[in-house]
Structures are given as structure tokens and as C-alpha cells.
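1. got a sequence here, can you model it:
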Amino acid sequence: MEQNIDRRTALKLGGAATVAAVAGCSNPINGGGDGDGSGAGSYSQYLAVQNNQVFFAYADFQALEELDSGNQDDGSGGQMPNLEDPMLAPATGVFLIAFSAGFQLGALGLGGLLQTDSESNLNSSGEEVLIANSALVVTGEMDTDEISSTLTESGDQSFKTQYEQTGETGGYTLYEPAELSASGSSGSVVAVNDGELISAQNQSNVEAVIDAIDGSGRAADEFDEFSWLLNNGGNGVLALGGYGPDGYSSPGSDSGSGGSDTEFEFVNNSGGFVGSMTFDGDNLNSVIAASSDQITEDQQGNIESEFQSDRTDVSVDFKGNGRLVAEATYSRDVLQGSSDSS
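-> Residues are numbered from 1 along each chain as shown. From the prediction side, this is the model:
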């Protein structure tokens, strides 16, 4: 089945998909930076090595919100194209982000972090959202008193969990559920300062992100190959990627260790990819950096075919040592035509 996503849902993230997720609907997902690397977004500082791998999905919510508000409704219904093109893979991270942010922030009573000023009931606001392995990171302007009050207030709805302050670590205030929910789930551990909110199922996953911010166990430092992938494919308003010397798997996948969870067949037992998207006027630009154990000359033709699109030209530049960088530009007219035919 071909996947389709609503363009406004994808760009706003905190809009229809997140609101539906917070309300308990099970179907909402189905329907540039100055960081350490010259080509990697600032999100790279949050990415830690866990289980000898790293996986992430990223969106600059503020940039996408500004882009969306500047576009007129052209009668298309706001539909993004089908996502079967490999070069559109970075956009699929939006599903993971919307699902994770929707349910986690909803349980915290903080769904408004990823809504526009006119829609939100909070003074705090999120600007960027990241899935860092199994942790959710929201950066922006955090009113710590407001967030503390929201977290610790009693839940007046079935999906809202009441939290209590349990300590501090690395300049962050920690919160944990005041008691087990009726289902037996313990909820998430939350860390907050005035610029970030980090949420994960256990404190060790939260602390892994905090340690990475401080420069300890950061994936870009531990894995030279992942650093190369970030620098060559990671600078965009949407980004998705993963790497592991023994293979990696995205959260919730069934690939397990020893195999990479990716659409690209040549990235199998070792390696990874990082892809990102930027918007330039009426064009969408996509770049994907990928690496594997090795890429022989005999494989190059098949790999180039794997990346090709029937909507636009794709250039694939083989860098040697199992590396490549693929780039493509889609015009708005081409994407709109695809959406109309869906």
C-alpha cells in the first residue's frame, strides 16, 4: 500500500496528527543548523550511542510552520505526494515524530508545545523536535514554572499522567509519574530546563541524551562514519538517519541487531544513512548520504537504479570506501501532480 500524508499535518506536526494522537485516536499516522559538523544540524549534539548504534528523526518545527503559513491554499487539499521515491525517505520520519510527540506530550499535558501561538494553551513553545534513539527531545522556549505546574497537576483525563519532581541532573529538573497508572505502565521520565524538554521511558535514556549534550558518548564523536554521514546528508529542516558498525534498527522495527533497518538494499549488515530535506521557493531539495561495508563497481549501476525517481533527475556520487551521496530536486508542480494522482 502506498503511503500518503497530509501536507499540513506533516508541516505543522503539532496540528491534526498530534491532536488526534493526544485524543487517543489510533490512526493519525497512517492516513539547517550550526552544530558541531559543518553539514550537520544542531540536533547532532543530542545523539548518543546506545547499544552500539544510533537512530534519529528530526524536524525544525518553527521553520516548517513559517513555510506553511506563507503558502496559499491552491485547492490541492494540502496533500504531499506518495512517498515511494527513495529520495523522499527523510519525510517518513514525520510519522515517527508525530506518533511519539503526540502520545508522549499528550500524557504530559504538554501537547501545546507543538502548536501555533493561537492554538496553544501554553506560554512555552517548541521550535525543534527530535527522536534521539528512544528519547523525545523538544527544544525551544520552556517556561519551567509552567511546565512544572502542568506536569504535577492531577490528571483530569484518562491519558494525562500526574508527575512529581524527583531530583536534578546536569542542570535539568527530573520528573517521574507520581504513581503507577491503572494499566501498570510507569510512564516516562522527563527532564526540563529553560531550553529543552527530554522524555524517555527510563532515566538512563534521558541521561544518555544529557551526557551527549555535555560531549560524553556523542555518536558523531564515537563513530567517524556517522560523523561523515551527518556532515554530508544531515543539514535540513527534516532529517532522518541511523548508523551502526554491526547494523542498526529504528525504534519499533523487527530487524534487530546485525541488520540495518533502511529502504536501501545495499546498506545491510554494517553502515547507515542520513538524509535531509530543505525547501527553496517552489522546490524541495533532498540529499542522502549512505555507507556500507563496500560498494563494488559492479554494484554501482544497480544502486543508481535504486535511487532513481520518475519525477525528477537524481545524481549519485560514489565517494569510495563504500560511501555515496545522492541529491535530487523536486518542483512543486511535480509533487502536486503526484498528489493529485494519488
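
2. which helices and strands does the helix or strand hosting residue 242 pack with?
-> Using DSSP states H and E, residue 242 sits in strand 238-244. Where contact means 3 or more CB pairs under 8 Å, 6 or more residues apart in numbering; DSSP states H and E, strand 238-244 is packed against strand 54-59, helix 93-108, helix 224-233, strand 271-280. Placement of C-beta: from N, CA and C, glycine included.

3. nearest to residue 162 among those would be which one?
-> helix 93-108 (10.2 Å; CB to CB).

4. relative to strand 238-244, how tilted is the closest one?
-> Per axes from the mean of the first three to the mean of the last three CA atoms, to 10 degrees, the angle that helix 93-108 makes with strand 238-244 is 90 degrees.

5. pull helix 93-108 out as CSV, backbone CA atoms only.
-> Taking Å, rounded to 0.1, in the frame of the first residue of the first chain, the C-alpha atoms of helix 93-108 are listed here in CSV:
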residue,chain,number,x,y,z
GLY,A,93,10.5,10.5,9.8
VAL,A,94,7.5,12.8,10.3
PHE,A,95,5.3,9.7,11.0
LEU,A,96,7.6,8.6,13.9
ILE,A,97,7.9,12.2,15.2
ALA,A,98,4.1,12.8,15.1
PHE,A,99,3.4,9.5,16.8
SER,A,100,6.0,9.8,19.5
ALA,A,101,5.5,13.5,20.2
GLY,A,102,1.7,13.2,20.1
PHE,A,103,1.4,10.4,22.7
GLN,A,104,4.3,11.4,24.9
LEU,A,105,3.4,15.1,25.1
GLY,A,106,-0.3,14.3,25.5
ALA,A,107,0.4,12.1,28.5
LEU,A,108,2.4,15.0,30.0
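
6. can you name the element that comes right after it?
-> strand 125-132.

7. need the next SSE after that following strand, C-terminal direction.
-> Using DSSP H and E, the helix or strand that directly follows strand 125-132 along the chain is strand 135-141.

8. what about that next one, average pLDDT?
-> Strand 135-141 shows a mean pLDDT of 95.

9. sorry, back to before: what angle sits between the strand holding residue 242 and strand 125-132?
-> Taking the same axes, to 10 degrees, one finds that strand 238-244 is oriented at 30 degrees with respect to strand 125-132.

10. each with direction, which strands does strand 238-244 pair with?
-> strand 54-59 (antiparallel), strand 271-280 (antiparallel) (DSSP bridges).

11. for the shortest one, output the C-alpha coordinates as PDB.
-> Once non-C-alpha atoms are left out, strand 54-59 reads as follows in PDB (Å, rounded to 0.1, in the frame of the first residue of the first chain):
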ATOM      1  CA  VAL A  54      22.300   5.400  16.800                       C
ATOM      2  CA  PHE A  55      19.000   6.300  15.100                       C
ATOM      3  CA  PHE A  56      17.100   9.700  14.800                       C
ATOM      4  CA  ALA A  57      14.300  11.600  13.200                       C
ATOM      5  CA  TYR A  58      14.300  15.400  13.200                       C
ATOM      6  CA  ALA A  59      12.100  18.300  12.200                       C
END
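
12. identify all contacting residues around that strand.
-> Contacting residues not belonging to strand 54-59 are listed as 13, 41, 43, 47-48, 93-94, 96-97, 128-133, 219, 223, 226, 237-244, 248-251, 261 [CB atoms under 8 Å, 6 or more residues apart in numbering].

13. before we move on, what about the longest one?
-> The set of residues that contact strand 271-280 without belonging to it, under CB under 8 Å, 6+ apart, is 32, 41, 67, 87, 89-91, 225-226, 229-230, 232-244, 248, 260, 262, 264, 267, 284-293, 322.

14. thank you, goodbye.
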